Each structure stands twice: as C-alpha cells, then as structure tokens.
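Asker: Below are the sequence and a predicted model; questions follow.
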Amino acid sequence: MAHHLRIWHALAALVVGVVATIWSLGQSAEPSAVAARTAQLSLLGSAPPPRTYGCGVPLLDQADRQLALAYAKTPATQEQFRLAGRVDGAGLLINESAGQVRDFWAYNFGTGSHYQTPATLRRVTPRGYIYVANDQAVSEEALDALAQQWEAIYATTTGVFGAAPDIDSDGRVTLLLLDLGDGTPDDPVRGYATQRNQFPAASYSNARDLIYLDTNPTPVGSAVFLGALAHQLAHLINWNLHRDAGGQELWLDEGLAELARFRNGFGHSAAAGFFTNPDKPLTRWAPGQENLAASYLFLLYFWEQFGDAGIYEVVHHFGTDIDAVEGALRALRRPESFAEVFHRWTLANFLDDTTLSGGVYGYRTLDLVSGEYDGVTTFPRAYRTTEFIPPASDLGRVQHWAARYYRFFGKTGVLNLDFLGNDYNRFRVTALASSVPDFRSGNAVFPVALNAAQDGGLALADFGTAYPSVVLVVSSAADHGGPDYTFSASVVAAAPPATPTPTAIPQGFSTPTPTAVTAQPTPTPFSVQPTPVRAGQPTATPIPGWTAVATTCCVPSVQIVPSSPSAFDSVTIYGRLVDGAGRPAPGAIMEVLWYFDTLAPARCVSAPATADGVAACTMTFAGQATAGRTVPIHVRFHYQNQAYSLNTSVTPR
C-alpha cells in the first residue's frame, strides 16, 4: 500500500501545478474521488449572515509601519508638542475642559484622504476625553452612559493587556466620535487607531493617544460601538509595546484586539465564518471575516487554556509573531510549543469536548454543535468535511498553520488509515472517533505517529460499531514545505471469536486471577514498573489523552522482552487478554504506544491475537532511549467492541 501511495504521491505533485492558480486565491482543491463528496451534514443548520467587525487598522497597517520605522526611535520634542497645540510656550500641558473646540486630523476611508474636522469636548472622565465632531449629533444621555462605560472598558482592558500609552502625560485617552465616511453601509469601519498620532513629528498627527469611533451608522453606546472601543484600546496598548518593530503581525494584533472585545462582555461576533471554511492560514493575514475569525478563535482558545496571565505575556513579549506565543509559554513555564497548542486547537474546532485530557480539546465559553446554531454562543463544528465510505484514497492540500477534516463512515471492521505527506512540511494527523455520529459524546482521540518523512498510519478497531464515525484531521504545523499529501482508508473485517485451542503459554506468563493482575517482570537488563490493573476498575494514572478501561470481562497482562541482553535497540511486548476465569480472548488486537520527548507517541498495532489470546508488538527505539531513562508505555486491547488497558514503563540499566 505504501509503495503505491508513494507513486501516486509523485503523480499528485504534477496535478498540484494545475490548481496552483486556484490555490493562490486561497481556495482548496476538492478531492476528485468518486467515493468522496463535500458535504454540510444534514444536521447542520443554515448559517446566519456574516457579521462585520469593522476595524480600520489593517487598512492603514503598511503606512503605520513605515511611520514607525521613521519615527519610533526618535524621542518627541517639546517643540513638536507645542506645534501640535498640546503644550504652551513654557512646555506646560494645555488644560482641556468641557465645551472646548479644537481641530483634529482624521482619515476618510471613502476617499482615502486625510482631512481636518472641528470637534467639541463633551465629557471629561478620569481616563478619557470624549470629543464629538461638530457635524454629528449625539445626545447628552448617550454621552453620560458612554463616559461610565469607557471607564469600565479601560479598567478591564488594561487589567488584561497592561497600561495604555500616555505620550502626552495627561493620563487620558481621547475618544473622537465622527462619521468615518467609509461609504460602505453594509460593511462599515466601526473604529480605528493609528500610530501616526503617537509621533508628533509625523504629518497629520494629533500628538495624543487617540481612538476614532464611527457614529454613522453605528449607534453610540450600542454593543457594536462599545466592542469597537475595546478593540481599538487593545491596539493602542499593543502598539505602544512594539512600536520599534512597527507593531505585532496583523493576525496576532487583530486576534488580541478582538479578544479584548470578548473580555469586555461583547460576545463572539468575530467567530462567524471560520467554522464553515477552517482551511485558513492562522499566521498569514488576509482581508476577510474568516481570517479574523481564525485569529480570534486561536487567541480565545489560548486564553481559555492559559488565562489572563497568558495573554499578558503574549502582549508584553518582544516578539511580534509566533515567537510572542512561544515566549509567553516559556514565561508561564509551560511545556507546550506553539505547534502543540495550535494542533490541539484544530482538534477543538471540531470535537469541542472539554471532558477529555483536561479540556484541551474544546471551548468553555462557546459551544460547537451539529444542529441549529445561533452564531452568538453556539456555532457549527468545522464542517467543511469531505466524506468517504472506505475503501478510498485521495490527494489533499492544507495551507500552512491550517487544518482539513475528512469523515469516514459506512463500513464495519478495523479501519486502516495511511498518510503520506510532503517531506518538508510538518504535519499533524489525528483521528477523532465517536460512539455517536454527531460527536456529542463518547469521543476518543487517536494520534497518528509520523516519521521524519511525514508518513504514518493508524489501525482503529471497532470502526462502524463502537465508532460509527471517524474524522481524520490533517494540519500543517509549519510555515514551510509543500502543502500536499495523500491518504488512503480501508476496512478489514475483525476476526470472529474462535473456540480456544490450548497452546503453550510464552515464558513469563501465568494464568491471571480475576481479582488483580500486574505486568510480569522479566530477568532482563530492564527494570519494569507496571501499573496494577484490577478487574472492574480503571487503571491508575492513565497516560494523558487515553482512558484506560478494565471491566469484569477481561484482564490484560504484558511481558517485555529485550532484543538482546545487552542492547536497548528494541523490545517486544507480548500481551495476553483473558477473562476472569483465565479463558483467553482470541482475535483481540493489541495497540502499544510509547512516549519519548513529545506528546505524540510512537505506535504499534499487533495482528489479531492467537487462539490463546497472545499478541505481540515490537518497539524500536532507534537510539532515542538512553540508560536510566524511563519510557512510559500504554497497552490497549480491542476486543468485541470494548477496550482494556494498562500502563507500564521500561527503564534501561
């Protein structure tokens, strides 16, 4: 199978060129296999219309970065503040009081030009000046409410992100309410901030900490208006910390700013659109709601996993891209890498199950469903899912730092999945299995171990019975390498139970009792520390990501035999599954996982057990283990739609 797939893989590379133009436009080439169909599952409801977030920052990003390169490392002078009307001849800050009128520079998104507009100071708060353009009508009641709401937004946002900039030393941020004149009522710019105002020497600078907020068609004080305010304040804070670099990359800056909207209680409006097309590159910004949704959802997931402290570290790290997230994880003394957090996030975008592995495969503040959703607190699972009835094989492509989803169903037996990826990429491949078709419960996560050539496979027992639906998630955890891969799926009928034929039991095995069984130690250069397994009880301390199960039916045991008395190149795991009376379980499939430095395990799947219930797997360490190093081992038997597990370990002397 692997040889044929490699030939197809080479041929597929030629096909890739044909669809290069489509790919450059950000679209994904759909598989051509007759057995496949791109489908929105029938249980999924119709999507609500996309919601705009209306930030003008990306539209001004390139100009702002050029300004930062020109002015960020040059301190502002008193004369520059005087020319901007901020200080008097003696260098003292000019007092601003309600009723004062002054001219402000602004940007018209409809005409693409800067202009000046007079505005009146209508409210002064401990942390803000609220100016209203003279051609705009805003009620006194709306301004009173806004003054209070601004103080709350300021406190919440600075509490998470850190202090706001204060280039003029007045301790306040100026809010300027005006018509931004974007000319697109269906998708208006709701607000913006620009680094231009942080540099008094720059043209069109107001030399103050300033946020522009749209009044047409956005009602002052509405949730959309206040969410935009929180969003822009986060931009100001983030820019101030990264001004020398021109700011963080847009995917990170926009995602963080949208998280500020959520942290101030204005919901998940940015999430709309992503789940219907999740193959969007997280770290490569492009205009559009789907890209913002990807950035926001990743930062929301990161916040749910690591809290306000995690977000603070991302914002305050000197990095501007993936390195900022990596730096935050190190500051928090977390073992995960950015790639691992990203991988878990791609699984959470479909599974949304917080009951597994401490909640790393789901969201806590929103729900992903397979039925009707409201686009407010409930959203669809990542459902641009290509469906297959095995046997099937196909060519796939996934953008860097993005994911694709493939569903398999309709057959019964052992599901064999083979994956061949581009050698220069770094793929993460995982099978999500569920006891129910819509993944509402009974979920399990099965990593597919890949070698250095990005090839690997998985044999999943009980497909179609215990697991009627399996979704293969393929993601690219890299910003390099070709995006193409091939995969195949086949189903082998499970061996039926047979009448046991007495055979010799391998040396080291004894007939287990129904009350307690432990792994049998062997006189080898290894010391083995097994975890006891008792009938009717789960194993103690299962390896993360696995649920160890033992029932009154069957009890597993293992024996570990080295390749030679003096070498640690490989060991063979002999496993045996028997019931409480010592009767063997022929046809059981043994799955062995062992863990080195990463969370992704190496894996071996045995042939069906012999008539006396014995199965074997060989673990090859290839020099990865060293003397005195303990290697955790997870053994899992699949038999008659049930799983029986134990954990053990091996340590070379």
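Answerer: Nice, I can see it. Since this is a predicted model, take the numbers as computed values, not measurements.

Asker: my read: residue 474 touches residue 426, true?
Answerer: No: the criterion here is C-beta atoms under 8 Å, and residue 474 misses it with residue 426 at 11.9 Å. No exception for glycine: its C-beta is placed from N, CA and C like everyone else's.

Asker: Next, residue 269: phi, psi?
Answerer: Phi and psi for residue 269, reported as degrees, to the nearest 10, are phi -60, psi -30.

Asker: By mean pLDDT, which helix or strand of the chain comes out lowest?
Answerer: strand 37-39 (a mean of 29; mean pLDDT, DSSP states H and E).

Asker: Tell me which helix or strand comes right after it.
Answerer: Per DSSP states H and E, the first helix or strand lying C-terminal to strand 37-39 is helix 57-71.

Asker: Can you spell out which helices and strands pack onto that following helix?
Answerer: Where contact means 3 or more C-beta pairs under 8 Å, 6 or more residues apart in numbering; DSSP states H and E, helix 57-71 is packed against strand 191-192, helix 250-263.

Asker: And the contacts of the helix or strand following that helix?
Answerer: Following helix 57-71 in sequence order, the next helix or strand is helix 78-83 (DSSP H and E). If you take C-beta atoms under 8 Å, 6 or more residues apart in numbering as the criterion, helix 78-83 is touched by 87, 88, 89, 91, 168, 200, 201, 207.

Asker: contacting residues around the residue nearest to residue 170 when sequence neighbours are not counted?
Answerer: Spatial nearest neighbour of residue 170, excluding adjacent residues (C-beta to C-beta, 6 or more residues apart in numbering): residue 93 at 5.8 Å. Contacts for residue 93 (C-beta under 8 Å, 6+ apart) come out as 86, 87, 168, 169, 170.

Asker: List the neighbouring strands of the strand or helix carrying residue 123 plus their orientation.
Answerer: Using DSSP H and E, residue 123 sits within strand 113-125. In the sheet, strand 113-125 lines up against strand 101-108 (antiparallel), strand 128-133 (antiparallel) (DSSP bridges).

Asker: Among those, show me which one is buried the most.
Answerer: Sort the strands paired with strand 113-125 by mean neighbour count, taking mean count of other C-beta atoms under 10 Å, and strand 128-133 sits at the top with a mean of 23.

Asker: Do you know the pLDDT at residue 437?
Answerer: Here the pLDDT value assigned to residue 437 is 85.

Asker: Compute the number of surrounding residues for it.
Answerer: Look at residue 437: counted by other C-beta atoms under 10 Å, it has 13 neighbours.

Asker: quick one: stretch 259-279 to chain centroid distance?
Answerer: 13 Å (C-alpha atoms, centre = their mean, to the nearest Å).

Asker: is it fair to say residue 153 lies in a strand?
Answerer: No: Residue 153: not assigned to a strand; according to DSSP: H, G, I helix; E, B strand; the rest coil it is helix.

Asker: My guess is it contacts residue 263. True?
Answerer: No: the pair residue 153 / residue 263 is not scored as a contact, 9.7 Å apart, by C-beta under 8 Å.

Asker: Which residues are in contact with each of those two?
Answerer: In contact with both residue 153 and residue 263: residue 230, using C-beta under 8 Å, 6+ apart.

Asker: and these two? which has more neighbours close in?
Answerer: residue 153 (24 against 20).

Asker: host element of residue 649?
Answerer: Assessed by DSSP H and E, residue 649 sits inside strand 642-652.

Asker: Oops, could you answer that again for residue 229 instead?
Answerer: Residue 229 belongs to helix 223-241 when assigned by DSSP H and E.

Asker: Provide the angle between the direction of that helix and the direction of helix 57-71.
Answerer: With axes from the mean of the first three to the mean of the last three C-alpha atoms, to 10 degrees as the basis, helix 223-241 and helix 57-71 are set at 20 degrees to each other.

Asker: and helix 223-241, average pLDDT?
Answerer: Rounded mean pLDDT across helix 223-241 is 96.
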